[in-house]
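>>> show me the folded form of this:
(2 chains)
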Amino acid sequence: MPTVTMKVNGRKVSVEVEPHTLLVQALREKLRLTGTHVGCDTSQCGACVVHVNGRAMKSCTMLAMQAEGADVTTIEGLAMNGKLHPMQEAFRENHGLQCGFCTPGMIMSAVDMVKRKGNDLGEHTIREELEGNLCRCTGYHNIVKAIAAGAKNMKGARA
Amino acid sequence: MSATGIGARVRRVEDQRFITGRGQYTDDIKRPYETHACFVRSPHAHATIKSIDKKKAEKMPGVLAILTGEDIAADKLGDLFCGWMVLSKDGSQMKNGSHPALAKGKVRYVGDHVAVVIAETLDQAKDAAAEVNVSYGVLPAVADLAKARDEKATLIHDNAPKNTVYEWVLGDADAVNSAFAQAKHVTKLTFVNNRLIPNAIEPRAAIGEYEPGTDSFTLWSTSQNPHVLRLGLSAFIGLAPEHKFRVISPDVGGGFGSKIFIYPEETVCVWASKKVGRPVRWTAERSESFQADAHGRDHITTVELALDGNHKMTGLRVKTLANLGAYLSTFSSAVPTFLYAPLLSGQYAIPAIYCEVDGVYTNTAPVDAYRGAGRPEACYVIERVVEVAARELNMDPAELRKRNFVTTFPYQTPVASLYDAGDYKASLDKAMQIADYKNFGKRKQESARKGKLRGIGFAAYIEACGVAPSNLAGALGCGVGLWESADVAVTPTGMVEILTGSHSHGQGHETTFAQLVSDRLGIPMNQVAVIHGDTDKVQFGMGTYGSRSGPVGMSAISMALDKVIAKGKQVAAHVLEAAEADIEFKDGKFTVAGTDKSAAFGEIALAAYVAHKFPTAHIEPGLKEHAFYDPTNFTFPAGTHIAEVEIDPDTGTTEIVNWVAVDDFGTVINPMIVEGQVHGGIAQGVGQALLEGCVYDKDGQLLTGSYMDYTMPRAHNLPSFKVDYTTTKCPSNPLGMKGCGEAGAIAAPAALMNAITNAVGHEDVAMPATSKTVWHAIQKSGALQRRAAE
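Numbers count the residues shown, from 1 in each chain, chains lettered A, B, ... in the order given. Okay, the predicted model is just below:
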């Protein structure tokens, strides 16, 4: 079985995978990082979003072997030294989650959104940018509020 | 109100694990030596199974077992069942077709379960499943609901002639006929309540594990009701006696009803785990969820409303054809009957109502409760016909409603519901004010100047929630009582563990239930733990659905808390050396009335367990009380939603420019969580009206089999919502709660379609009102010409 070597949440790892193993499967099954979720089989739901080399990627649409040498951040790697990321805090503060299943992907997408679109995100921008993330519980109302607040709070703090 | 008491916007306790990716959903759980199940599913909507050839598949790498319906029959497992007996108008029982966990003899819908392959890895199971050779005798599919009862339609179940499950009625046909005979105006509508697929973002999953040393089973399942699942699998299907069977519903990623039912997959995982001697796990791929989760809605209805010369409603006649799918799912029979017709009076005093519901089989996935379960269908019927009646009578739709509202309570409707308390005018008025209804005309003109159509629509909804009083449920044919249980266990150090029979799959019970306890016992929330979802830890409970965990689940906790306080007073009397009658409990302290002698809750808890200071022959040591609360009535949340839309006539695209929801939920424990429930419900209702629709072709092939073809609501389809309240307390439970989980999904389709048809100028717009549908409707109405003329 081939091996893929990458950095995951700051730690170098080497795991054996099949050529067809998806990145999300490698993360969940080989590295026991089960915070990244699988919600669909057509790349639409966004529950699997992680950061690869600083960009949001749907880990269900990437082979594990494509991450060779990459720097991968999952939801588990977002908090630093036990301190929550401002976007994580914003989701809790604004009730931006109910069942929590879409939440890791939402938060990872949101952090990426701020990197690309800045800290002052308007409602229209946020709603358009969330096209790749489905939520069935919240109706998005509080997710939009959370992302706007998290974006503001990321200003000055680490990205 | 304290910062963590009833009514406080407390941030959620459970969020910590979800925002850090440390939730424990069923698929996250790994069991030693586990194996993987892959189901072989029918590609045909209707076929006999002529043979199943496993020879090649059995030899493939990693394959441990391949099981079929014959193995199920050989082990004498019971069928999956429907737990609610519904009688036809002639008194005969509903026609319940046999439903084994793996098909025997015949398959009846695309996705039906034919065999299961169990292998060391998922890839090996899938590869082998593809090599299981099933020989089918294809039969004509009955996929069209309207034609399911035709003479020439193929019989789906031998014991259900004309594919009819039941012909059910409610109400007074003579009174209705008389009202119509004398009516000054009759409004008539025919429409479809479109079929939906629930699509919780977490797919269904199960892990079955057999422990030979104790001859017992464990099942991890994405169930909304682990005890009910255990009871069903034990008593009806016969997998194991209850006391040898642990069912755990860990973190569950949304249910919306779809995870209430007892499904073939979890049944097979448990059963197969003993056969292979290792844990058997299965997680649905999304395409499996599309095929085999219980679907929702799917009615064809004709409604007629009779009004007198004063625009008072005098009669309502409803005829509904309800699709139940290929098999009767666990609660399916009750959804288009008892959860539907009793709400047809809406918020109105309609003296005569008659409803006929024919439930039929088709070669489609089983249909069962989906958020609202029968009440969205009822609200759509009454709120569309009332809005259309107003248009036909050239009356303001708010005025027609107000003229007919129920105003004195309790109010006995002619369809069994006894409305307990409400103020419908208050919610309507408040909604109209927040929506700035009176200036709608100006906004419509501004839209017209920009070349757009603008419409506004109401839904004055009511629902029956807090299911349900047990003997009433029984009298209506339900196989179980619908009470709820709570155990309040105080520890010696004054911590409180709440064991609740409710289950949380997004509703925030770890927070709201702790708020109630904190409020009542005067202790900080972080001294309260809420435990649910494990039959080894929690006493029997009925689970969460039907907006019941507040009114029923929390009422049980409230009753148990009362008992804890009463016992605490007994102990405190001895500790404080006073008469029990002189002991008061307030703000976390037991006090001797009129003195400053007091003891904190924690002190008394310790005293109860140390048991040094009171006569244990009369007062038992310990501080732990339980309660089983049975509701005395349904609860009736109600309110008004107003939707305002702007439509681009060139593309038919609808933008929701304003949404106002004014709901009466009685007592609200955590407004932040309640608003979240309303938001989510509205989104699902908008999904139904604007975007979603499950489509089978004439051969029963599922055309909407993935997110490529089934349109889920996304953030850009929805506005931010304006949510507010009016309050009349529910008189029938200790907390005055009505429940809130389904309200948005119930009100939204009617409100949105009333708005869209208002903009378009006629009623011939079907759900989902996609751009294409609306564009065609606009061409039909000549609204373009009107816009040009303005």
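>>> what is the helix or strand in which residue A:125 is found packed up against?
For residue A:125, the host element (DSSP states H and E) is helix A:123-129. The criterion is 3 or more Cβ pairs under 8 Å, 6 or more residues apart in numbering or on different chains; DSSP states H and E, and the helices and strands that helix A:123-129 contacts are helix A:103-117, helix A:141-154. Glycine gets a C-beta too; all of them are placed from N, C-alpha and C.
>>> tell me how far that helix lies from the chain's centre.
Put simply, helix A:123-129 sits 17 Å off its chain's centre (Cα atoms, centre = their mean, to the nearest Å).
>>> ok, and what's touching it?
Residues outside helix A:123-129 that contact it (Cβ atoms under 8 Å, 6 or more residues apart in numbering or on different chains): A:109, A:113, A:117, A:121, A:140, A:144, A:147-148, B:714-716, B:718, B:720.
>>> 6 Å - rerun?
Contact partners of helix A:123-129, identified using Cβ atoms under 6 Å, 6 or more residues apart in numbering or on different chains, comprise A:113, A:144, A:147, B:715, B:716.
>>> ok, and the most crowded of these?
Tallying neighbours with other Cβ atoms under 10 Å in any protein chain shown puts residue A:147 at the head of the contacts of helix A:123-129, with 31 neighbours.
>>> from residue A:76, how far out is the residue nearest to that residue when sequence neighbours are not counted?
Of all residues not flanking residue A:147 in the chain, residue A:110 sits nearest, at 4.6 Å (Cβ to Cβ, 6 or more residues apart in numbering or on different chains). Distance check for residue A:110 against residue A:76: by Cβ to Cβ, to the nearest Å, it reads 16 Å.
>>> same question for residue B:737.
Between residue B:737 and residue A:76 the computed distance is 37 Å (Cβ to Cβ).
>>> which one's more surrounded, the two?
Between residue B:737 and residue A:76, residue B:737 has the larger neighbour count (other Cβ under 10 Å), namely 31 against 20.
>>> surely that one and residue B:549 touch.
No: shown here, residue B:737 and residue B:549 do not form a contact pair, counting by Cβ atoms under 6 Å, at 9.6 Å.
>>> pretty sure residue B:224 is in contact with residue B:255, am I right?
Yes: because the distance of 4.3 Å satisfies Cβ under 6 Å, residue B:224 is recorded as touching residue B:255.
>>> the residue of chain A at minimum distance from chain B - how many residues pack around it?
With Cβ to the nearest Cβ as the measure, residue A:35 is the residue of chain A nearest to chain B, at 1.9 Å. Residue A:35 has 26 neighbours, counted by other Cβ under 10 Å.
>>> for the nearest residue to it once chain neighbours are set aside, grab the count of nearby residues.
When the adjacent residues along the chain are set aside, residue A:35 lies closest to residue B:21, with 1.9 Å between them (Cβ to Cβ, 6+ apart). Here the neighbour count serves as a burial measure; for residue B:21 (other Cβ under 10 Å) it reads 25.
>>> pull out the buried positions in the longest helix seen in chain B.
Looking only at chain B and at elements set by DSSP state H, the helix with the highest residue count is helix B:555-575. Taking 16 or more other Cβ atoms under 10 Å in any protein chain shown as the neighbour-count basis, helix B:555-575 is seen to contain the buried residues B:555-561, B:564-565, B:567-575.
>>> ok, now which ones touch the residue nearest to residue A:35?
Remark: with contacts taken as Cβ under 6 Å, 6+ apart, residue B:21 is in contact with A:35, A:75, A:76, A:104.
>>> which residues in the stretch 201-350 of chain B form helices?
With helices called from DSSP state H, counting those that start in this stretch, the stretch 201-350 of chain B shows them at B:226-231, B:264-276, B:286-292.
>>> closest one to residue B:519 among the ones you listed?
Residue B:519 sits nearest to helix B:226-231 of all the helices of the stretch 201-350 of chain B, at 27.1 Å, using Cβ to Cβ.
>>> quick check: residues of chain A near chain B?
Within chain A, the positions adjacent to chain B are A:34-35, A:39-42, A:44, A:75-76, A:88, A:91-92, A:95, A:97-104, A:127-128, A:130-131, A:134, A:136-141 by Cβ under 6 Å from any Cβ of the partner chain.
>>> may I ask which helix or strand encompasses residue B:518?
helix B:509-521.
>>> buried stuff in the helix or strand following that helix?
In the C-terminal direction, the helix or strand that comes right after helix B:509-521 (DSSP H and E) is strand B:528-531. Judged by neighbour count (16+ other Cβ under 10 Å), strand B:528-531 contains these buried residues: B:528, B:529, B:530.
>>> ok, now which ones touch the residue of the stretch 301-450 of chain B found nearest chain A?
When distances are taken as Cβ to the nearest Cβ, the stretch 301-450 of chain B approaches chain A most closely through residue B:371, which lies 9.6 Å from it. When contacts are counted by Cβ under 6 Å, 6+ apart, residue B:371 is found next to B:256, B:257, B:684, B:742, B:745.
>>> do the same with residue B:545
The contact partners of residue B:545, taken as Cβ under 6 Å, 6+ apart, are B:224, B:257, B:260.
>>> how about it, secondary structure?
With DSSP: H, G, I helix; E, B strand; the rest coil as the basis, residue B:545 sits in coil.
>>> tally of neighbours for the residue nearest to it when sequence neighbours are not counted?
Computed as Cβ to Cβ, 6+ apart, the closest residue to residue B:545 that is not its neighbour in sequence is residue B:260, at 5.3 Å. Residues contacting residue B:260 under the criterion other Cβ under 10 Å number 26.
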